[in-house]
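> Got a predicted model here, sequence first, then my questions.
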Amino acid sequence: MSLSDFASNWSTTLTRHMPPGQFGRYLLVGAWNTLVGYGSFAFFTAILSPMIPHSYIAAVISSLLNISVSYLGYKWFVFKTKGNYLLEWIRCVGMYSGGILFGVLLLPVLVLLIRPNTRFVAQVPYSAGALLTVFMVVYSFPGHKKSSFRTPA
């Protein structure tokens with residue numbers, strides 16, 4: 001199987017359960033969420049660095065803000081659900097909580113693994129945060145589709 005066949009099969013498998021256009025909207029909203037989420041992570045890391053050792057871990061406080069921005073983008077533009085704002089937001093927080101916990105546990109490990117392999121020591125938490133962002137993009141779509149924004153059959 002060639003790489004292009006693999007990519008085609010993978011994308012067909014990923015998108016066949018989505019209404020037309022939903023995957024494109026997911027990518028657009030996801031790009032926005034990534035900019036906002038990573039930007040707030042970097043902002044809080046930079047602000048807290050002079051005050052708190054390992055401030056990149058404390059930057060998790062930006063997560064509720066980021067979840068709320070993501071939630072509204074997915075609700076209004078991707079899944080287009082009506083009503084149930086509080087219930088869906090709670091589900092969204094619940095879905096992301098596993099990823100946040102994973103990030104809090106994995107971020108220090110990634111920092112320790114990356115740091116010896118670069119001369120840009122101060123930038124390592126940002127690189128590790130970017131790697132975790134990629135994971136969250138892949139993890140979040142099925143979680144939102146099947147949990148946060150599920151609609152009754």
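Yep, that arrived.
> all helices of the chain, in order?
Along the chain, the segments classed as helices by DSSP state H run 3-15, 22-48, 55-58, 63-73, 85-114, 124-143.
> quick one: low-confidence parts of this protein?
For the chain, the stretches with pLDDT under 70 are 3-4, 6-8, 10-18, 56, 58-60, 153.
> rewinding a little: now the helices of the chain in TSV, with distance to residue 149?
C-beta: built from backbone N, CA, C; applies to glycine. What follows is the helices of the chain, written out as TSV (distance: least, Cβ to Cβ, whole Å):
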stretch	distance to residue 149
helix 3-15	17
helix 22-48	11
helix 55-58	30
helix 63-73	9
helix 85-114	6
helix 124-143	10
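> Would you format those helices as TSV with mean neighbour count and distance to residue 152 included?
Shown next, in TSV, are the helices of the chain (neighbours: other Cβ atoms under 10 Å; distance: least, Cβ to Cβ, whole Å):
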stretch	mean neighbour count	distance to residue 152
helix 3-15	10	23
helix 22-48	17	18
helix 55-58	18	39
helix 63-73	18	19
helix 85-114	15	12
helix 124-143	16	18
